[in-house]
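*Asks:* Below are the sequence and a predicted model for it; my questions follow.
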Amino acid sequence: MADSIEKSALPVVAIVGRPNVGKSSLFNLILGRRIAIVHEESGVTRDRIIAPVTYNGKSFQIIDTGGLGISPTQTRKAGKWDLPIREQVEEAIESADIIIQVADAMAGFNELDKEVANLLRASGKKIFFVANKADNPKLENNAAEEFAQIGFKKVYTASVIHSRGADDLLDDVTEDFPDSKTIIYRREDRLRVAVAGRPNVGKSSLVNRLLGENRVLVSDIPGTTRDAIDIDFDIEYHAGKIPATLIDTAGMRKKSKVDSAVEIFSMMRTDTAIKTADIVLFVIEASKDGVTSQDKSIAKMIVEASRPCIIVANKWDKLSGTGDKQLTVQEEIRRTLPALSYAPLVFSCALSGYNFSKLLDTVAEVSSQMHMKISTSLLNKILQQATAKNTAPVVGNAPLKMYYATMTGTNPPEVTIFVNREEYCHKNYIAYLTNSFREAFGYNGVPIKIKLKSRPKTIQPKFTASRNTIGHGPGRIGPGRGRPVPKKRKPQKK
């Protein structure tokens, strides 16, 4: 198998055009899966979205961009997103080897299409012009004639909604691309780091600071980020590099405040990003009042997904001059987020870069623990010590008996303990055993899952108190002072 390569070695194709012409639909069709949010509302895509794709044995990167809603030279009367989106589009054009301009065959020629084409020609890049929404032969013929005035020798027609027209386009786009047999892009080898949190806590600013560039849009307006955006980068740690993918997600509001289909899609993408991430950077706002109810809801999602997590208390600069000490704020955050007691807490400031080297070190440390395996003998030694120190309380009619434990999974680490009856174990005792394993093996930022599995009564328990134990512990074998229950004598036959 060939070695994996850096993303810069892959050709880059950018999809550009005015709003609502089907750029994101074409992006999803080329990828063969839904990544970009598609909606009839104009301006849904704001940040540029990049993904690797292989077509007919040739690999490249495809970029989806926001719609250019104003003339490239216009600055007055621009909408609140027009200028930031234009900057993102210009970045995509600069990084691309080939550009696909998309227009709307159903709407026909638009003067803005011509101005976009002139902007693209000025880049000196190779351009392919596509008239999308050509859903019938009549529209195909009209599009070829109507858009010819823009000056392209060939106008490709497509109907993304009918999955038609992309093959002819891609055949020509990838004609000079290298064969994938000589290069392989292995995204699955990268550490997936999702940045999650409620709106306006500084997620996008944190992403830009980690990447060292203005890669995603930053605004005080809630809902600026809509798609879950994957961006590849490297984490430098101990003179080495950890290849990673950073996922910027939409801010999660309360369900009662979600008021549009686009925001519903955004929340679904964020939920998926959390569930599929290797590590979640849970961004909250550093506050002496602790966290909000929405922060607690997001924390619950992370815990239920069993994801490794780092709590990032951002905007520390707002408190640094108020006399509030980090220890006090930390205690309040810990008090209000008990479910994430396993997650390390890092104070930061995305604007100044405060503590970002510590944050990256923490990400690297947590990642090193995700696939750590513990031998069965050592696991059982710690289990024996824990049960000897604190005996399991009796639940129901009989004591809990533990036979042995083994590690049955990683990322997150999963320990299966074989017992006499699962229902005999109190949930508080599970929490005690979890903390015992965490302390013994040094797990930090990684949740530990403990599963109980019932086994037949013929197996002798390894971890019970002695037969002379008095009271209600697991060693109790009869009523009274721990004396064995006398066997009933069978009546003798006369």
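*Replies:* Alright, I've got the coordinates. Residues are numbered from 1 along each chain as shown.
*Asks:* Looking at the particular helix or strand that has Ile302 in it now, give me its mean pLDDT.
*Replies:* Taking DSSP states H and E as the definition, Ile302 sits inside helix 293-304. Averaging pLDDT along helix 293-304 yields 90.
*Asks:* That one: what's the following helix or strand?
*Replies:* Taking DSSP H and E, what comes next after helix 293-304 is strand 309-314.
*Asks:* Which of the residues in the helix or strand just after that next one are classified as buried?
*Replies:* Using DSSP H and E, the helix or strand that directly follows strand 309-314 along the chain is helix 326-336. The neighbour-count check on helix 326-336 (16 or more other C-beta atoms under 10 Å) flags 329, 332-333, 336 as buried. C-betas here are computed from N, CA, C, even on glycine.
*Asks:* in stretch 117-124, what's buried?
*Replies:* 117, 119-120.
*Asks:* Please state the offset of it from the chain centre?
*Replies:* Distance, stretch centre to chain centre, for stretch 117-124: 35 Å (C-alpha atoms, centre = their mean, to the nearest Å).
*Asks:* Show residues contacting it.
*Replies:* 16, 68, 72, 93-94, 99, 101, 127, 129, 150-152 (C-beta atoms under 8 Å, 6 or more residues apart in numbering).
*Asks:* Out of the residues you listed, flag the one nearest to Pro199.
*Replies:* Set against Pro199, the nearest of the contacts of stretch 117-124 by C-beta to C-beta is Leu68 (25.9 Å).
*Asks:* Who are the contact partners of the closest one?
*Replies:* Residues in contact with Leu68 (C-beta under 8 Å, 6+ apart) are 16-19, 85-86, 89, 112, 116, 119.
*Asks:* Hmm, which of the residues you listed is lowest in pLDDT?
*Replies:* Ile85 (70).
*Asks:* Could you report the distance from that residue to Ser123?
*Replies:* Distance, Ile85 to Ser123, by C-beta to C-beta, to the nearest Å: 17 Å.
*Asks:* what do you get for Leu383?
*Replies:* In terms of C-beta to C-beta, Leu383 sits 64 Å off from Ser123.
*Asks:* before we move on, the earlier item: between the buried residues of helix 326-336, which is closest to Pro412?
*Replies:* Nearest member of these to Pro412, counting by C-beta to C-beta, is Ile333, at 22.1 Å.
*Asks:* hang on, Glu140 in a helix?
*Replies:* Yes - Glu140: assigned to a helix according to DSSP: H, G, I helix; E, B strand; the rest coil.
*Asks:* OK, contacts around Tyr237?
*Replies:* 360-361, 364.
*Asks:* Make TSV out of these and add neighbour count and secondary structure.
*Replies:* Output for the contacts of Tyr237, formatted as TSV (neighbours: other C-beta atoms under 10 Å; DSSP: H, G, I helix; E, B strand; the rest coil):
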residue	neighbour count	secondary structure
Leu360	17	helix
Asp361	16	helix
Ala364	19	helix
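*Asks:* neighbours of Asp271, just the number please.
*Replies:* By the criterion of other C-beta atoms under 10 Å, Asp271 has 16 neighbours.
*Asks:* Helix or strand: which one has it?
*Replies:* helix 261-276.
*Asks:* For whichever helix or strand comes after that helix, name the packing helices and strands.
*Replies:* Next along the chain after helix 261-276, taking DSSP H and E as the criterion, comes strand 279-285. Applying 3 or more C-beta pairs under 8 Å, 6 or more residues apart in numbering; DSSP states H and E, we find strand 279-285 packed against strand 191-196, helix 203-211, helix 293-304, strand 309-314, helix 356-369.
*Asks:* Let's see that with 7 Å instead.
*Replies:* On a contact count with 3 or more C-beta pairs under 7 Å, 6 or more residues apart in numbering; DSSP states H and E, strand 279-285 meets strand 191-196, helix 293-304, strand 309-314, helix 356-369.
*Asks:* Let me have these in a markdown table, extended by distance to Ser25.
*Replies:* Formatted as a markdown table, the helices and strands packed on strand 279-285 follow (distance: least, C-beta to C-beta, whole Å):
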| stretch | distance to Ser25 |
| --- | --- |
| strand 191-196 | 25 |
| helix 293-304 | 29 |
| strand 309-314 | 34 |
| helix 356-369 | 35 |
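*Asks:* any idea which of these is most buried?
*Replies:* Comparing the helices and strands packed on strand 279-285 by mean neighbour count (mean count of other C-beta atoms under 10 Å), strand 309-314 ranks first with a mean of 25.
*Asks:* what's in contact with that strand?
*Replies:* Applying C-beta atoms under 7 Å, 6 or more residues apart in numbering, the contact partners of strand 309-314 are 201-202, 206, 279-286, 302, 333, 340, 343-350, 359, 362-363, 366, 445.
*Asks:* try 6 Å this time
*Replies:* 201-202, 280-284, 286, 302, 343-348, 350, 362, 445 (C-beta atoms under 6 Å, 6 or more residues apart in numbering).
*Asks:* Asn390 versus Leu452, what's the distance?
*Replies:* 17 Å.
*Asks:* quick one, which of those two is more surrounded?
*Replies:* With neighbours defined as other C-beta under 10 Å, Leu452 and Asn390 compare such that Leu452 has more, 20 against 11.
*Asks:* which element is that one on?
*Replies:* Secondary structure (DSSP H and E) places Leu452 in strand 449-454.
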